[in-house]
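J.: Fold the following, please.
(chains A and B)
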Number of protein chains: 2
Amino acid sequence: MYTNHDLDELASFYKKQLTEDTVPFWFPRSYDKEFGGYLLMRDADGSLIDTDKAVWIQGRACWLLATLYNTVEPKKEWLEGAKLGYEFLRDKCFNSEGKMYFHVDQAGNPIRMRRYFFSETFAVIAFAAYAKASGDQDAAGLARELFGKCLAYASGEKKIAPKFEETRQTKGIGIPMIMMNTAQQLRETIGDPRCDDAILEWIKEIEQNFVKDDIRCVMEQVAFDGSIVDHIDGRTLNPGHAIEGAWFILHEAVYRNYDSNLIDLGCRMLDYMWERGWDKEHGGILYFRDVYNKPVQEYWQDMKFWWPQNETIIACLLAYLVTGKEQYAKMHSEIHKYAYSTFHDKQRGEWFGYLHRDGSIAQTAKGNLYKGPFHLPRQEWYCWSILQTHLKNLESVATCADKATV
Amino acid sequence: MYTNHDLDELASFYKKQLTEDTVPFWFPRSYDKEFGGYLLMRDADGSLIDTDKAVWIQGRACWLLATLYNTVEPKKEWLEGAKLGYEFLRDKCFNSEGKMYFHVDQAGNPIRMRRYFFSETFAVIAFAAYAKASGDQDAAGLARELFGKCLAYASGEKKIAPKFEETRQTKGIGIPMIMMNTAQQLRETIGDPRCDDAILEWIKEIEQNFVKDDIRCVMEQVAFDGSIVDHIDGRTLNPGHAIEGAWFILHEAVYRNYDSNLIDLGCRMLDYMWERGWDKEHGGILYFRDVYNKPVQEYWQDMKFWWPQNETIIACLLAYLVTGKEQYAKMHSEIHKYAYSTFHDKQRGEWFGYLHRDGSIAQTAKGNLYKGPFHLPRQEWYCWSILQTHLKNLESVATCADKATV
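T.: Purely as a prediction, here's the structure:
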């Protein structure tokens, strides 16, 4: 179990890492004052390996800066930084039909469009957080409008070119998950009446179609009726991703006054996928697993990536704070120690992204088309936030108790 | 240097591995007598992990069986096996517009279409080899018709949906390489007057645009004018792939009476990419490298896959046989020993496909959507064939010398 002193130390650790190690690795040097947006593709020492801009990461970085401004400290530098990302996304990252690119060059010329709408979901949270930070009503309007488009994509009202033929169509847990988190962020920054009900629908979809209690598993893909697609791709599990979904649901449980059904669901998802994903030999969460322990198609399946560790650190800590169960403190302590001792670059700040299964470094990039200032700083920020709230609640309970005694 | 005795032993080794270890792992058990084609997605022990059929691999397996029949031994089982693949490809793997799928289910229902035309190139070599084996003129006609479509795709006359926007278009070495090998196979089975000139054009394209003598490198992608695209994807090298291209060119050199310019080009490509790809610490060819030694985007960049080793074994042996240079015997011996001691499953036959950089097994599948009976058996077959020819030539030279003496 963690004592309150332990929790207090953890809160300080995460805050210090966030503000003195992680964020300074990226900013201010990544602000692109010439073209707008951020220059985020960087090697371990911070040197730039590419001037291109991955649109997901531009949105996530803008969200981070605005969120730091909104919740940690109203630093002018962070607000100005968020504005660079907001304007670049708004002015350079949409095609003429209003669909967002995946990848643009430094000046914002388009390099690659992909069929998915994840550039859009990250732009929603960026615009909403920036609108809250700046008071800019246009940004708030754009966030709501873009969220409407995401709702239409997610419901199928707006079509995405299918990757597979009709013979065997599947659906992924990614869409209800990302939509849930997008809606949560929108609700908690500028508010939107569409969020509360929609979030419950996505949670229902996850619980009914992806969570398999009989085999203690959360599927990444299922058939439209929720059944397991027993082929190499359909069997592939992504434990870190499912665990990210678990904490989104626990977050919702807290918002809904510690809803016990949601707490139970989030904890089951965490339990199942910790069992599936935790590497008993070397520690850490493995990237992919097969539901029936067969070989996985994706080649990096047994590598350790940074982000599944970040999501699991959050999920274990949040599960501990909402349930008080010792097992979650133990899990949190294990993954926290594993991750900060293997991924963290103590000399130069931030984390390496890509380790071999045994924890040795596979490659040194800290930023590329898929990694940037998001999962790690979000973990440090979120863990610090929930610990702060928890300790304050304890304090106010203690104060009341004192008064009652008096 | 290899003595003739060494070369004789190598020829026997490859023939024995091919016919007593590799091919028996796959056949006859993979023949799908119910639906046609082959069931090739298998774990280390041969158990089936998926009944789906990857169209590339169906074509490659059909090519292998027909080639074994044509060149090793006219076994009825191999011809019947090739027919299963030929008919399945012909009847089940084309959509209504004549484009081939990438992935179908056991019965041949379509699962996934991809924009590339590599399913087509592998079907060309399968149909041509089967036509030679069976004497089936329809198969020969289909091979030539499909090769015509590939020519139209390769020249841009038939359009493929572009993956990238117009801002930064690139071209890959894959298309001239695969087209060269497809044409070589077509020419050497059923013949086609289009092949000889076209092959020289593709070689010119490779030499002028992809081979960079100033930095001793073969690029995988370049801009349309042949310049290096200095971004994370454009910088990515694929040494095993470039080395495969090297031996296609050396093969052409032999066909063209040991053309010295082609020998020089093939050897330069091999030299450059051995320098770039050979892992001095653990042995073997690494998957991806960055031209300027920066971090690579693809996650499995430092893994050891089976096929780059197969292609390098061929290239080194062929370079040795055509040049007689000791360095190539040494390189061949190194990679041969490395590969057969780390990848080969001595208990159950065939090779593992996916090792970590240090040579430990990352996952056990011997067949999946990308691996099947192709690179390994082709290497064993091709090395045996060129050694046989080499030894026979020596013998006939010796016989002539004897006669001259007499």
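J.: Check which helices and strands the lowest-mean-pLDDT helix or strand in chain A sits against.
T.: In chain A, no helix or strand scores lower on mean pLDDT, DSSP states H and E than helix A:375-405, which sits at a mean of 86. Helices and strands touching helix A:375-405, by 3 or more CB pairs under 8 Å, 6 or more residues apart in numbering or on different chains; DSSP states H and E, are helix A:4-17, helix A:55-71, helix A:306-323. Just so you know, the C-beta spots here come from the backbone N, C-alpha and C atoms, and that holds for glycine as well.
J.: Return the set of buried residues in stretch A:339-351.
T.: Neighbour counts over stretch A:339-351 (16 or more other CB atoms under 10 Å in any protein chain shown) mark A:339, A:342-345, A:349-351 as buried.
J.: Which positions in the stretch 101-250 of chain A make contact with chain B?
T.: Residues of the stretch 101-250 of chain A lying close to chain B (CB under 8 Å from any CB of the partner chain) are A:101, A:105, A:109-113, A:163-165, A:167-168, A:231-232.
J.: Closest to A:N293 out of the residues you listed?
T.: The closest of those to A:N293 turns out to be A:I232 (CB to CB; 12.9 Å).
J.: could you pull out the strands for the stretch 101-250 of chain A?
T.: Under the criterion DSSP state E, counting those that start in this stretch, strands of the stretch 101-250 of chain A are mapped to A:103-104, A:110-112, A:170-172, A:211-212, A:217-218, A:221-223, A:236-237.
J.: wait, isn't A:F117 in contact with A:K149?
T.: Yes: A:F117 is in contact with A:K149 according to CB atoms under 8 Å; the separation is 7.4 Å.
J.: When the two are compared, which one has more neighbours?
T.: A:F117 (23 against 19; other CB atoms under 10 Å in any protein chain shown).
J.: out of everything not next to it in sequence, what's closest to that one?
T.: Excluding its sequence neighbours, the residue lying closest to A:F117 (CB to CB, 6 or more residues apart in numbering or on different chains) is A:Y153, at 4.5 Å.
J.: Near the one you found, how many other residues are there?
T.: 19.
J.: residues in contact with it?
T.: Contact analysis of A:Y153 by CB atoms under 8 Å, 6 or more residues apart in numbering or on different chains lists A:117, A:120, A:160.
J.: quick one: the helices in the stretch 101-250 of chain A?
T.: Counting by DSSP state H, counting those that start in this stretch, the stretch 101-250 of chain A has helices at residues A:118-134, A:137-155, A:174-189, A:195-205, A:239-255.
J.: Output those helices in JSON lines; the columns should cover distance to A:Y69 and mean pLDDT.
T.: Below are the helices of the stretch 101-250 of chain A laid out as JSON lines (distance: least, CB to CB, whole Å; pLDDT from 0 to 100):
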{"stretch": "helix A:118-134", "distance to A:Y69": "5", "mean pLDDT": "98"}
{"stretch": "helix A:137-155", "distance to A:Y69": "13", "mean pLDDT": "98"}
{"stretch": "helix A:174-189", "distance to A:Y69": "11", "mean pLDDT": "98"}
{"stretch": "helix A:195-205", "distance to A:Y69": "22", "mean pLDDT": "98"}
{"stretch": "helix A:239-255", "distance to A:Y69": "21", "mean pLDDT": "98"}
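J.: Now tabulate the ones you listed in a markdown table and tack on distance to B:W381.
T.: A markdown table is the format used below for the helices of the stretch 101-250 of chain A (distance: least, CB to CB, whole Å):
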| stretch | distance to B:W381 |
| --- | --- |
| helix A:118-134 | 45 |
| helix A:137-155 | 49 |
| helix A:174-189 | 43 |
| helix A:195-205 | 51 |
| helix A:239-255 | 41 |
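J.: what's the spacing between A:D192 and B:I125?
T.: 57 Å (CB to CB, to the nearest Å).
J.: higher neighbour count, these two?
T.: Just comparing A:D192 and B:I125: by other CB under 10 Å the higher neighbour count belongs to B:I125, 27 against 18.
J.: Now for that one: which residues touch it?
T.: For B:I125, the contact set (CB under 8 Å, 6+ apart) comprises B:59-60, B:63, B:181-182, B:185-186, B:189.
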